[in-house]
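[1] pasting a predicted model and its sequence here:
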Amino acid sequence: MAAANQKFAIVGLGQFNGRGLAKSARTLQAEAARLAIADAGLDKKDIDGAINGLGVGGSMPGGGGWVDSFSRVLGLPTKFYWTVARGGTASIIGIVAATRALELGLADYVVVACAEAAWSNSHGKLATSPLGRGRAGRGNYSLGTEMLGFSAAQTAAGLHGFFATRHMHEYGTTSEHFGAVAVSCREWANLNPTAQMHGRPITVEDHQNSPMIVEPYHLLDCCLESDAGVAIVLTTAERAKELKKPPVYVMGLGFGDHARQQWWDKTNYTQLDVAPAKEAAFKQAGIQLEDIDCAQFYDCFTAEVVFQIEDYGWCKKGQGGPFAAEGAMAPGGIIPVNTGGGMLSGYYLFDYTGLAEAVVQLRGEGGARQVKDAEIALVTGHGGEMVIPGMCSTHACAILGR
């Protein structure tokens, strides 16, 4: 296979999601790591490196009211414990850190883990306990009010909606186009029994009738709020051959960041900084766009999916909305996108949601949602506000293969 000469591989995966799990982020993170280690057929004593790959909150040291590490909770004999992050690019940064440690011989097996207790913090026992973060309850969906206050212009939905509106102005993209993205993700979720919105189909009409949160975003444009944990175990390709599960190779990694540009340059408003990330990752992997079998896009809001389908080149700039409306990203479409339901309909855990689904697809473990003969997957991350008001500036890209 194309990835056979790669140096590093993901050999273990632990993931779960739910609502009302009523456990701290640290506990959820430790459980995800335990599952990943077992999935790899390894023992705790084998893990000598640990990385806390956090997103905006959740498994952040001090976030959720805790300061200890998941590695200590599990009793892992690690030689190092690092925390790495930049908004929703945390899992890909974690992979960079883990593979570098493996390359330097600092460890043989490294676990990268993240968790959120967002639902329980808002709705359950944790909401009034010292473990809670005091979020305002918002039903199933995360509107970003916990980050920047309660003014609509300063919520995550407000900040992201500003850029969605600009795309609508420049290219004629409509709210119905964004609705088509939400419907596509929900169709995939209905093939995934572990998705938070499994068994709850929607239509574009449902999207249009859902409450308006911040113009132009309806409720169904917004990602979910979840209790969730994801962890992966990485090692060298040579060690991976001897383990329990088929290896998923790290073929290429890349990053981009609009922070190098002026914020008032309106080219920032309708695209993500995909170009440098794509160039680096695709060059390392030795692939072209047509080699991608499935894409796991960061979908905090529907417009981000439209931006990325354009910026990676599946359609021309400004045509992402019609592309979605044609069902091109849905089951049976041109390019399967967010095949587990994504963060819009699967569960929310930063770019770990897409990373976990990519591993599932490349192992052929997707069940009813399995992409036939999936060999190469694209995973993206997005986030990292630096200036307010301003769109999350950083973009990350990972190419994984079997």
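    Thanks, I have the structure now.

[2] please count neighbours and contacts with C-alpha atoms only from this point.
    Noted.

[3] let me see the domain layout of this structure.
    8-135+227-248, 145-224+251-401 (automatic domain parsing).

[4] so residue 211 touches residue 222, yeah?
    No: counting by C-alpha atoms under 8 Å, residue 211 sits too far from residue 222 to count as a contact (11.0 Å).

[5] who has more neighbours, those two?
    Ranked by neighbour count (other C-alpha atoms under 10 Å), residue 211 and residue 222 place residue 222 first, with 25 against 12.

[6] list phi and psi for the more buried one.
    With angles defined as degrees, to the nearest 10, residue 222 sits at phi -100, psi 140.

[7] would you check that it makes contact with residue 301?
    Yes: counting by C-alpha under 8 Å, residue 222 touches residue 301, with 4.9 Å between them.

[8] what touches both of the two?
    Residues touching both residue 222 and residue 301 (C-alpha atoms under 8 Å, 6 or more residues apart in numbering): 157, 344.

[9] you'd agree residue 229 is up against residue 32?
    Yes: applying C-alpha under 8 Å, one finds residue 229 in contact with residue 32, separated by 5.3 Å.

[10] so between those two, which is more surrounded?
    Between residue 229 and residue 32, residue 229 has the larger neighbour count (other C-alpha under 10 Å), namely 31 against 26.

[11] specify the local secondary structure of the nearest residue to that one once chain neighbours are set aside.
    Closest residue to residue 229 apart from its sequence neighbours, by C-alpha to C-alpha, 6 or more residues apart in numbering: residue 115 at 4.1 Å. The assignment at residue 115 comes out as strand when based on DSSP: H, G, I helix; E, B strand; the rest coil.

[12] same check on the one 5 residues further on?
    State at residue 120, reduced to three classes by three-state DSSP: helix.

[13] what's across from the residue positioned nearest the centre of the chain in the sheet?
    With distances taken as C-alpha atoms, centre = their mean, residue 351 lies nearest the centre of the chain, 1.9 Å away. Per DSSP bridges, the residues bridged to residue 351 are residue 349.

[14] quick one: it and residue 210, what's the gap?
    Using C-alpha to C-alpha, to the nearest Å, residue 351 is found at 26 Å from residue 210.

[15] give me the next element, helix or strand, following the helix or strand of the chain with the lowest mean pLDDT.
    Lowest mean confidence among the helices and strands of the chain (mean pLDDT, DSSP states H and E): helix 145-148, at a mean of 37. Going down the chain from helix 145-148, the next helix or strand is helix 156-171, by DSSP states H and E.

[16] can you list the buried residues in that following helix?
    156, 157, 158, 159, 160, 161, 162, 163, 164, 165, 167, 168 (16 or more other C-alpha atoms under 10 Å).

[17] what packs against it?
    Packing partners of helix 156-171 (3 or more C-alpha pairs under 8 Å, 6 or more residues apart in numbering; DSSP states H and E): helix 145-148, strand 212-214.

[18] tell me how many other residues crowd the residue nearest to residue 229.
    Neighbours of residue 115 (other C-alpha under 10 Å): 36.

[19] from memory it sits against residue 23, does it?
    No: the pair residue 115 / residue 23 is not scored as a contact, 10.5 Å apart, by C-alpha under 8 Å.

[20] which phi and psi does the closest residue to residue 199 other than its chain neighbours have?
    Excluding the flanking residues, the one nearest residue 199 by C-alpha to C-alpha, 6+ apart is residue 190, at 5.4 Å. The phi/psi pair for residue 190 (degrees, to the nearest 10) reads phi -70, psi -10.

[21] residue contacts, residue 190?
    Contacts of residue 190 by C-alpha under 8 Å, 6+ apart are 197, 198, 199, 200, 201, 341.

[22] whichever of those end up buried, select them in ChimeraX.
    Listed next is the ChimeraX selection for buried residues among those, using 16+ other C-alpha under 10 Å:
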select :197,198,201,341
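
[23] how about low-confidence regions in the protein?
    Within the chain, the stretches with pLDDT under 70 are 1-5, 55-67, 124-154, 263-264, 385-392.

[24] what segments of it are strands?
    Using DSSP state E, the strands of the chain run over 8-18, 49-53, 81-84, 110-117, 212-214, 217-218, 227-236, 248-257, 294-296, 376-383, 394-401.

[25] neighbouring strands - and their directions - for the first one?
    The one in question is strand 8-18. Counting by DSSP bridges, strand 8-18 is paired with strand 227-236 (antiparallel), strand 248-257 (antiparallel).

[26] these: which one's closest to residue 265?
    Taking C-alpha to C-alpha, strand 248-257 is the member of the strands paired with strand 8-18 nearest to residue 265, at 13.9 Å.

[27] just put the contacts of residue 190 in JSON lines and tack on distance to residue 37.
    Formatted as JSON lines, the contacts of residue 190 follow (distance: C-alpha to C-alpha, whole Å):
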{"residue": "197", "distance to residue 37": "28"}
{"residue": "198", "distance to residue 37": "27"}
{"residue": "199", "distance to residue 37": "31"}
{"residue": "200", "distance to residue 37": "33"}
{"residue": "201", "distance to residue 37": "34"}
{"residue": "341", "distance to residue 37": "25"}
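
[28] what is the nearest of the contacts of residue 190 to residue 83?
    Using C-alpha to C-alpha, residue 341 comes nearest to residue 83 of these, at 27.7 Å.

[29] what are the neighbouring residues in contact with that closest one?
    185, 186, 187, 188, 189, 190, 192, 195, 347 are the contacts of residue 341 under C-alpha under 8 Å, 6+ apart.

[30] let me have those residues in a markdown table, extended by distance to residue 367.
    Formatted as a markdown table, the contacts of residue 341 follow (distance: C-alpha to C-alpha, whole Å):
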| residue | distance to residue 367 |
| --- | --- |
| 185 | 16 |
| 186 | 16 |
| 187 | 14 |
| 188 | 12 |
| 189 | 12 |
| 190 | 12 |
| 192 | 8 |
| 195 | 13 |
| 347 | 18 |
